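**Q** missing the sequence, but the structure's below:
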């Protein structure tokens with residue numbers, strides 16, 4: 001801004017004065033507050049510039065530097081109404097300034113061009129900032145959504161592991177308790193049967209430990225890469241399960257109807273766990289002597305029914321098999337595959353029945369591992 005004051009002046013032109021220096025400085029100082037009140041600063045700069053041209057005969061300014069800065073700031077930071085007011089006023093202000101200075105069409109055109117460019121660059125700066133803010137906001141939303149999804153996935157995985165642990169431990173411990181309680185009697189009356197009971201306890205414990213090791217191995221963060229993992233049980237593992245339950249003294253029958261299909265691994269594991277939990281409930285709560293498992297392979301669904309001749313469902317509001325984690329886990333497993341689960345009195349009102357219907361994918365075909 002001070003360049004015209006230090007450059008050599010043509011002969012005959014008035015010298016620069018301290019008043020001219022001071023008034024020129026007044027056109028620059030308001031820029032300090034341009035971000036807080038851009039329109040007010042623009043008016044102050046215009047007032048100081050007009051007073052300079054009218055009251056003093058100092059060196060002229062080759063470019064309206066302060067005006068360019070303030071117009072850019074107004075375009076970038078001011079609300080739409082103020083921006084529009086400034087944009088419409090600029091031609092009148094520039095025309096008045098040129099008329100007071102040189103009354104040159106060339107100066108008028110040049111001033112309008114540079115101030116218009118300053119306004120356009122201000123709008124571009126505002127648009128860029130808005131775009132950056134939108135991108136950052138979108139990134140924050142995606143990060144929050146990913147975090148929520150990760151938390152939900154972790155919660156679902158914890159629930160799945162809890163169901164698996166419950167099914168494994170509940171089944172094994174129930175069989176071991178039944179055999180252990182019958183052990184003292186059979187030792188005195190039938191040593192051979194007592195030996196079979198102890199073998200059943202050992203087999204149930206080994207099977208539970210094997211399944212727990214397989215599950216916990218998946219959870220180890222520092223497990224060696226490529227370590228073998230035992231597969232999840234499926235419908236083909238039902239015979240071994242039923243044999244273990246029979247060894248505990250419960251008479252169990254299993255019947256398969258329809259053309260068996262090759263089930264997806266997750267569906268096969270669900271079938272196994274549903275039958276396992278149902279038989280575990282029979283052993284723990286029913287006081288039954290017989291239980292039956294029926295698998296019916298339909299055209300688009302697999303229907304499982306587990307019934308017993310025990311004491312049946314508990315009265316409303318009382319303890320029994322109508323609630324608890326076991327039946328809740330069955331419903332959650334089946335619902336995860338889009339199926340339905342119902343529980344209640346068995347045929348003729350006797351005993352208890354668990355009925356599950358699992359829809360099968362259209363692509364499943366071929367023979368399954370028959371129980």
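**A** Received the coordinates, thanks. From a predicted model like this one, the values you see are computed outputs, not experimental measurements. Numbers count the residues shown, from 1 in each chain.
**Q** now the helices: where do they sit in the stretch 51-200 of the chain?
**A** With DSSP state H, counting those that start in this stretch, the ranges of helices along the stretch 51-200 of the chain come out as 65-77, 80-101, 105-189, 191-219.
**Q** Can you spell out which helices and strands pack onto the shortest one?
**A** Okay, so that is helix 65-77. On a contact count with 3 or more CB pairs under 8 Å, 6 or more residues apart in numbering; DSSP states H and E, helix 65-77 meets helix 38-55, helix 80-101, helix 105-189. Any C-beta I mention is one placed from the backbone N, CA and C, and that applies to glycine too.
**Q** okay if I get those as CSV plus distance to residue 27, mean pLDDT and mean neighbour count?
**A** Formatted as CSV, the helices and strands packed on helix 65-77 follow (distance: least, CB to CB, whole Å; pLDDT from 0 to 100; neighbours: other CB atoms under 10 Å):
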stretch, distance to residue 27, mean pLDDT, mean neighbour count
helix 38-55, 4, 78, 18
helix 80-101, 12, 83, 15
helix 105-189, 15, 82, 14
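**Q** how about TSV for those helices, with distance to residue 350 added?
**A** Shown next, in TSV, are those (distance: least, CB to CB, whole Å):
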stretch	distance to residue 350
helix 38-55	87
helix 80-101	79
helix 105-189	22
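**Q** who wins for proximity to residue 301 among the helices of the stretch 51-200 of the chain?
**A** Of all the helices of the stretch 51-200 of the chain, the one in closest proximity to residue 301, counting by CB to CB, is helix 105-189 (22.0 Å).
**Q** need the contact list for the closest residue in space to residue 76 that isn't next to it in sequence.
**A** Distances taken as CB to CB, 6 or more residues apart in numbering place residue 122 nearest to residue 76, at 4.0 Å, with adjacent residues excluded. Counting by CB atoms under 8 Å, 6 or more residues apart in numbering, residue 122 touches 71-76.
**Q** right, and the helices and strands packed on helix 65-77 - which one's nearest residue 347?
**A** Closest to residue 347 of the helices and strands packed on helix 65-77, according to CB to CB: helix 105-189, at 24.4 Å.
**Q** distance between that closest one and the chain's centre?
**A** Relative to the mean C-alpha coordinate of its chain, helix 105-189 is positioned 3 Å out (CA atoms, centre = their mean, to the nearest Å).
**Q** before we move on, the earlier item: could I get the helices of the stretch 51-200 of the chain in TSV, plus columns for distance to residue 286?
**A** Formatted as TSV, the helices of the stretch 51-200 of the chain follow (distance: least, CB to CB, whole Å):
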stretch	distance to residue 286
helix 65-77	77
helix 80-101	76
helix 105-189	11
helix 191-219	18
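**Q** right, so of these, which gets closest to residue 358?
**A** Nearest to residue 358, of all the helices of the stretch 51-200 of the chain, is helix 105-189, at 15.9 Å by CB to CB.
**Q** Residue 35 and residue 126, how far apart?
**A** Noted for residue 35: a distance of 13 Å to residue 126, by CB to CB, to the nearest Å.
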